[in-house]
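[1] Build the 3D model from these lines:
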Amino acid sequence: MKKPALRCAVALMLALLYPAAQANTFSVQWQDLAGDGGPVGDVIAVRLVFSDSGAWTATWQANALHPFSGNARFNLNLFNIALGDLASAQAPQLSLDGVQDFGAASSTEFSYSGQAAYLANWHAGDGISTGNGSNFISGAVSQQSPFGRDNLLTEARVASHVPEPSSVLLTSMALALAGLTGTSLSLMRRRPKAQES
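    Numbers count the residues shown, from 1 in each chain. As a prediction, this is how the structure comes out:
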């Protein structure tokens, strides 16, 4: 096999195999009313991005007029409605916590990450609730005062998440294109000229 054709074949193989090697990624986002926050800040949205391998990142957003400040704990107590009866659940199916001491600085965004094998059971379209009545409520909580919190009691659906194309995939595609171009030029050079009559 000539070099351009070999380059093309290898690059195409990389481009085709790369997506299969990636874990499926999903996201779910909950919205919260602005203006209902406590001393810790005013939550307006929470986004959870996770893979079926169990890796996750939770990102909380605060109202710019009332950012996160002080010593806060962020609780995400999650119930997948497709996997059980929410009303009779004794505990969250998944509880994701984050702790942050903002000190004098305030922020409109806070992210933290972890690993939870249970996420392999979640699929696109599943309804995810952030609370079960008054027993398990999600929210941003002041560690100075347990009464200083902004509750997040809502439901949202899991969506498939399409990540940005990686440099590996883009490089593979560029190599494939270069290989195809080189093969085409090589074939054009080898084509015999038509016999003149």
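
[2] and Leu152, what does it touch?
    Trp30, Asp32, Val43, Val46, Thr130, Gly131, Ile137, Ser138, Gly139, Ala140 (CB atoms under 8 Å, 6 or more residues apart in numbering). (C-beta placed from N, C-alpha, C; glycine too.)

[3] same check, this time on Ala89
    Taking CB under 8 Å, 6+ apart, one finds Phe79, Asn132 in contact with Ala89.

[4] Next one: it from Leu78, what distance?
    According to CB to CB, to the nearest Å, Ala89 stands 11 Å off from Leu78.

[5] Was I right to think Gly38 contacts Ala72?
    No. Gly38 is beyond contact range of Ala72, at 10.0 Å (criterion: CB atoms under 8 Å).

[6] and for these two, which residues touch both?
    Shared contacts of Gly38 and Ala72 (CB under 8 Å, 6+ apart): Ala140, Ser142.

[7] More neighbours: the two, which one.
    The neighbour comparison of Gly38 against Ala72 (other CB atoms under 10 Å) goes to Ala72, with 27 against 18.

[8] From Gln100, how far off is the more buried one?
    Taking CB to CB, one finds Ala72 at 6 Å from Gln100.

[9] Do you have the helices of the protein handy? List them.
    In the chain, the segments counted as helices under DSSP state H are 3-21, 167-190.

[10] Map the structural domains onto the sequence of this protein.
    As assigned by automatic domain parsing, the chain contains the domains 3-19+166-189, 24-160.

[11] what's the most buried one of those?
    Among the domains of the chain, domain 24-160 has the highest mean neighbour count (mean count of other CB atoms under 10 Å), at a mean of 17.

[12] Quick one: end-to-end length of that one, please.
    8 Å (CA to CA, to the nearest Å).

[13] ok, back up a step: among the contacts of Leu152, which one lies nearest to Arg157?
    Lowest distance from Arg157 to those (CB to CB) belongs to Trp30, with 10.3 Å.

[14] isn't the closest one right up against Thr154?
    Yes. Here Trp30 reaches Thr154: they are 4.8 Å apart, a contact under CB under 8 Å.

[15] Now do the shared contacts for these two.
    With CB under 8 Å, 6+ apart as the test, Trp30 and Thr154 both reach Thr130.

[16] Where does pLDDT dip in this structure?
    1-22, 103-104, 133, 146, 161-197 (pLDDT under 70).

[17] can you give me the strands for it?
    25-31, 43-51, 55-62, 71-80, 94-101, 109-115, 127-129, 131-132, 136-142, 149-152, 155-157, 159-160 (DSSP state E).

[18] Can you tell me which of the ones you listed is nearest to Asn121?
    strand 71-80 (7.0 Å).

[19] Which strands border the closest one, and is each parallel or antiparallel?
    Applying DSSP bridges, strand 71-80 is found paired with strand 94-101 (antiparallel), strand 127-129 (antiparallel), strand 136-142 (antiparallel).
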